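*Asks:* got a predicted structure plus its sequence, pasted below:
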Amino acid sequence: MNEKKKKILLITTKHTGCGHKSISDSLMDWFVEMPEVEVVQVDGFEDLVNRSVTALGDSYGVVTRHAKFLWKMTWDFGTKFNSTYCSLMSTWAGKRFLEVVAREQPDVVLTTHPMFNSSLMTVCEEHGLDLPFVSVQADPVSVHPSWCDPRSALIICATDEAMERTLSFGVPRERILKVGFPTRRRFTDMAQRVEKPAYDGSRPARCLLMSGGEGSGMLGSYALELMTKTDVTLTIICGRNRQLKKRLEALLKRKYGERVRILGFVTDIENQMNESDIMITRGSPNSFFEAVVMNVPLIITGALPGQEQGNPELVERYGLGIVSKGVKKLPAAVKRLLADDGRELLRIREAQQEYRRFDNAKRIAEAARDLALGRRPAYREGNAPGGERLLSARRVVRSARPKRALWPLLRVQRFLPSASSS
């Protein structure tokens, strides 16, 4: 008789930008090749909360495009009053989460969004469920405290910087696994399959301009500066921002013709990166880590306050690109990279090749699988310069499986109490 598969409940969302879903997709690329586990995905903002809370998630695009100050206020509030922030989400998501748990009976909960970490651990705690949580952080530097709950069985960090901040919130070192930022296989497979030629100055450079899946930032102003003060060809990706795409088409296409391409939300971004010599973007981690995997030198033009504020410095620290502050300075930054037949571009590409790893998502999926199976491996951390360090996992697994005695009780309950009830 075949042994029953272990089950992982993967909580993600597509309602606060594209990054959290990109991470879960990168893990699913590998979970499908693991016969020992079954993975059930739920969208936290669709399946666990009501429509009014979902609307808060959907406001991400508008706020990050037009009201960054409001985003900063929200970030600061959540950082300073994290327990209040998590208590609210426990109340909003608790009932439906318990229903999902009763239906699916997972061995591990794997989260890629901070709003569904501490909040749902509290729900489990209040209802006597000893269910291990694995949190995959989506931020490489400015890690929100909601990612860093010491009750987690395992917290996955992308960088040394993220690991140190996680430790500062009281998470035991043995419950932290530093792997590197997970990237979808369509990027890693192409990067390993296609050899990207170096820029040699024999043609105009090809630049890719984007600002995350929501198309935030001053893309039109940056594009005009590049078109008027350099000879580059430019591809602009506007993401879901349809109004921006229409404005840029009216502003640029008639005058610059084939020198500029203006795209909306694309599903082949890896091809766009592969065709580009330089990528110009804000400090959105999914975008710039994908560019590093694809070996495209970066110019970082800014970052969302709070959440992304440490990312530009990270890019410069490891030589993955340069930072250009202000619209007027962008042409000079491009010319700097292209000088001497692209000598600076070559240096950045070499640094990216040393920094990048193609197996980060695979190793994260393996760690979650091992936790579901009750294994206690010695995990190896890597990716950032400085070599690899062995992490003991002796205390990673608090409980290899939840308390099964509670499942029948949860199944027969016609009404589950809210997470805030005693």
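*Replies:* Here it is on my side, so go on. Not measured: the values here are computed from a predicted model.
*Asks:* where does the nearest residue to residue 290 once chain neighbours are set aside sit: helix, strand or coil?
*Replies:* Closest residue to residue 290 apart from its sequence neighbours, by CB to CB, 6 or more residues apart in numbering: residue 187 at 5.2 Å. No exception for glycine: its C-beta is placed from N, CA and C like everyone else's. Following DSSP: H, G, I helix; E, B strand; the rest coil, we place residue 187 in the helix state.
*Asks:* look up the pLDDT of residue 187 for me, please.
*Replies:* With respect to pLDDT, residue 187 scores 97.
*Asks:* quick one: residues contacting it.
*Replies:* Residues in contact with residue 187, defined by CB atoms under 8 Å, 6 or more residues apart in numbering, are 270, 273, 290, 293, 294.
*Asks:* how near is the first one to residue 276?
*Replies:* Distance of residue 270 to residue 276, computed by CB to CB, to the nearest Å: 11 Å.
*Asks:* show me where the stretch 151-300 of the chain has its helices.
*Replies:* 160-168, 185-193, 219-229, 242-248, 254-256, 269-274, 285-293 (DSSP state H, counting those that start in this stretch).
*Asks:* and the angle from the last one to helix 185-193?
*Replies:* Orientation check (axes from the mean of the first three to the mean of the last three CA atoms, to 10 degrees): helix 285-293 against helix 185-193 gives 20 degrees.
*Asks:* list the contacts of helix 285-293.
*Replies:* 18-19, 22-23, 138-140, 158, 181, 183-184, 187-188, 191, 210, 212, 269-270, 273, 279, 281, 298, 300, 308, 311, 315, 320-321, 352, 355-356, 358.
*Asks:* try it again with 7 Å
*Replies:* Defining contact as CB atoms under 7 Å, 6 or more residues apart in numbering, one finds that helix 285-293 is touched by 18-19, 22, 138-140, 181, 183, 187-188, 191, 210, 212, 273, 279, 281, 298, 300, 311, 315, 320, 352, 355-356, 358.
*Asks:* and what of the longest one?
*Replies:* With contacts defined as CB under 7 Å, 6+ apart, helix 219-229 is touched by 207, 209, 211, 232, 234, 236, 238, 244, 247-248, 251-252, 256, 259-260, 280, 301, 327-328, 330-331, 334.
*Asks:* buried residues of that helix, list them for me.
*Replies:* For helix 219-229, the neighbour count (16 or more other CB atoms under 10 Å) marks 219, 220, 222, 223, 224, 225, 226, 227 as buried.
*Asks:* and the residue nearest the centre of the chain, how far from residue 306?
*Replies:* Most central in the chain under CA atoms, centre = their mean is residue 138, positioned 3.8 Å from the mean C-alpha point. For residue 138, the distance to residue 306 equals 13 Å [CB to CB].
*Asks:* repeat that for residue 133.
*Replies:* 24 Å.
*Asks:* between these two, who's got more neighbours?
*Replies:* Neighbours were counted for residue 133 and for residue 306 using other CB atoms under 10 Å; residue 133 has more, 24 against 19.
*Asks:* got a list of what the more buried one touches?
*Replies:* Neighbouring residues of residue 133 by CB under 7 Å, 6+ apart: 109, 111, 117, 121, 152, 153.
*Asks:* try 8 Å
*Replies:* The contact partners of residue 133, taken as CB under 8 Å, 6+ apart, are 108-111, 117, 120-121, 124, 149, 151-154.
*Asks:* of those, the lowest pLDDT goes to which?
*Replies:* Checked by pLDDT, the contacts of residue 133 have residue 117 as the lowest-scoring entry (92).
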